[in-house]
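**Q** kindly return the folded structure for what I paste below:
(one chain, ligands or ions: 1)
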Amino acid sequence: MQTTLRFRVSLSDAVASEAWRQIDILRQIRNHAVRDYYNADYNDQPSDYDQQKRLKQWGNRWPTFAVPSQHAAQQAISQIHTDLDGLEERRNNGHDVGRLRWQGRGECRSVSYNQPCRWNVDHNTGGERFVRFRLEKIGWFRIRANRPVPDADEISEAILKKQNTGEWYLSLVVEVENTPAKPGLDEIGPQDCVGVDLGITNYIHTSDNLTVGTLDLSDEYERLRREQRQLSRKERGSHNWEDQRQQVAKAKREIKRKVLDYQHKLTTWLVTEYDLVAVEDLDVKPMLEDSQNAKNKQDAAWSRFVNLLEYKADLHGTHVMTVNPAGTTKDCASCGVATNKPLWVREHSCPACGHTQDRDLNAATNILNRGLKQIGAGRSESPPMQTALATSAPHREAVDAKCVDEVGSLGAWPRGSSRIQCPWWRLPDRLRRVATHGEYPNWIG
Ligand SMILES: [Zn+2]
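**A** Now for the predicted structure:
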């Protein structure tokens, strides 16, 4: 599988301004290709290949288009077609999708290359702490090597990005070998499976009755509001305004980092602790709910949580099952009869069989049962989970978000004393890197 290593890089002023200029030209090429695509007759819309061929003519007509690496320009065009395919897929799934948008200045912030001949890595810098890196047409810059930088031929993609904060980052996509094999689905016992309900009152609620609280970010949001207020008082486009805009971006980054770090710790714990993790399929979920409901932001955070979970599951040899979310809160985990209940009713109490338990635990159990059903260990054949719940509900454990935030102590949280514990700081070296530094998958930043 592939993983992405992200490094902070420092560019000289000349290289930085050239890189930024080329990224902007790539944005214009992209916009042009998008227009070219939509202007074509519906039955004659150009393919990725068609537009790659046209790129040369465009370069002849507008010499600026020939400035950046033509390989990078091809990548930008391919990206459009990947995006178009994504839109098509969402449309086929019943979503209401629009068209690709024209990108304004500064909206496109990165350049991507995916052929090793487009870059060079120079490890012989005399200092261990930095490595030199060259991108075609952009030039050499320095990587802050807080971990080993792979050789040029080990890298399958290099993405240079300028953050809103003005900092530059280089993401290197590399192949990871020797990831542990996933256990066969028939070898997994119900005790090594968990259902996770992504909640509102708690961040997660597992079918083992562990709740983890939501992260308290009120201070961070307060800072963000303060910085935004100050920004609104500056004259737009002035030097002070630009400085303040960076402060706003930094406050946002702080929030993003905290959430990401939190999600890293939780997902690492889940995939090291269990062999199978069942979660709701978030692609289907929004369609079941009222689209007016203002949870979009939360949904985005959850879909990142699930992406992260799937990514880590591959690294740790764990299965992730996404299950149909319809009615997970309504159905009774014990007998399956659906009961409507408003959001404020925190307790599930079944009128059919009398089964009573916490609303979120009931949902998590339903999620787990659906996951087990998918692997063929249906409810009828795997009563341990069900009987365990029906006779003696698992003891409820609550972990405060602060514990996770401070030391990642969730990793040490004992789920049944007989199990070998593997807190994140005791993971093998490579995996620990994932857990602590967060080797960002490429859909992040
Ligand atoms: Zn029931």
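**Q** C-terminal to the helix ranked longest in the chain, what's the next element?
**A** Taking DSSP state H as the criterion, the chain has its longest helix at helix 239-273. Toward the C-terminus, helix 239-273 is succeeded by strand 276-280 as the next helix or strand (DSSP states H and E).
**Q** quick check: neighbours of that following strand in the sheet, parallel or antiparallel?
**A** According to DSSP bridges, strand 276-280 forms sheet pairs with strand 193-198 (parallel), strand 319-323 (parallel).
**Q** between that strand and helix 239-273, what angle do the directions make?
**A** 130 degrees (axes from the mean of the first three to the mean of the last three C-alpha atoms, to 10 degrees).
**Q** let me know the secondary structure of the nearest residue to N93 once chain neighbours are set aside.
**A** In this structure, N93 finds its nearest non-sequential neighbour in D283, 6.8 Å apart by C-beta to C-beta, 6 or more residues apart in numbering. Just so you know, the C-beta spots here come from the backbone N, C-alpha and C atoms, and that holds for glycine as well. Put simply, D283 is coil when judged by DSSP: H, G, I helix; E, B strand; the rest coil.
**Q** number of residues surrounding D283?
**A** A count of nearby residues for D283, using other C-beta atoms under 10 Å, gives 15.
**Q** repeat for V131
**A** 20.
**Q** please list all residues in contact with the residue of the stretch 51-200 of the chain found nearest the ion.
**A** Nearest residue of the stretch 51-200 of the chain to the ion (C-beta to the ion) works out as G195 at 17.0 Å. Applying C-beta atoms under 8 Å, 6 or more residues apart in numbering to G195 gives the contacts 206-207, 278-279, 364-371.
**Q** and if you look at T201?
**A** 214, 346, 360.
**Q** quick one, what contacts the last one?
**A** Taking C-beta under 8 Å, 6+ apart as the contact definition, D360 lies against 197, 199, 201-202, 205, 211.
**Q** and for the second one?
**A** Taking C-beta under 8 Å, 6+ apart as the contact definition, R346 lies against 201, 358-359.
**Q** let's see it at 7 Å
**A** Shown in contact with R346 (C-beta atoms under 7 Å, 6 or more residues apart in numbering): 358-359.
**Q** so of the strands paired with strand 276-280, which one's packed in deepest?
**A** Stretch with highest mean neighbour count among these: strand 193-198 (a mean of 26; mean count of other C-beta atoms under 10 Å).
**Q** what's the angle from the helix or strand following that strand to helix 239-273?
**A** For strand 193-198, the following helix or strand on the C-terminal side (DSSP H and E) is strand 202-206. Computed by the same axes, to 10 degrees, the angle separating strand 202-206 from helix 239-273 equals 10 degrees.
**Q** any idea which helix or strand carries the closest residue to D122 other than its chain neighbours?
**A** Of all residues not flanking D122 in the chain, R132 sits nearest, at 3.9 Å (C-beta to C-beta, 6+ apart). Using DSSP H and E, R132 sits within strand 130-135.
**Q** quick one: mean pLDDT over the next helix or strand after that strand.
**A** Downstream of strand 130-135, the next assigned helix or strand under DSSP H and E is strand 139-144. Confidence for strand 139-144, expressed as mean pLDDT, is 94.
**Q** what do you get for stretch 201-214?
**A** Taken as a whole, stretch 201-214 has a mean pLDDT of 84.
**Q** what residues of it count as buried?
**A** By neighbour count on 16 or more other C-beta atoms under 10 Å, the buried set for stretch 201-214 is 202-213.
**Q** could you dump those to CSV with distance to the ion?
**A** Formatted as CSV, those follow (distance: C-beta to the ion, whole Å):
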residue, distance to the ion
N202, 23
Y203, 27
I204, 24
H205, 19
T206, 21
S207, 16
D208, 20
N209, 18
L210, 23
T211, 22
V212, 27
G213, 28
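**Q** of all those, which two lie farthest apart?
**A** Largest separation among these by C-beta to C-beta: S207 and G213, giving 17.8 Å.
**Q** how about the residues of this structure by the ion?
**A** Residues of the chain that fall close to the ion, judged by C-beta under 5 Å from the ion: 332, 334-335, 350, 352-353, 355.
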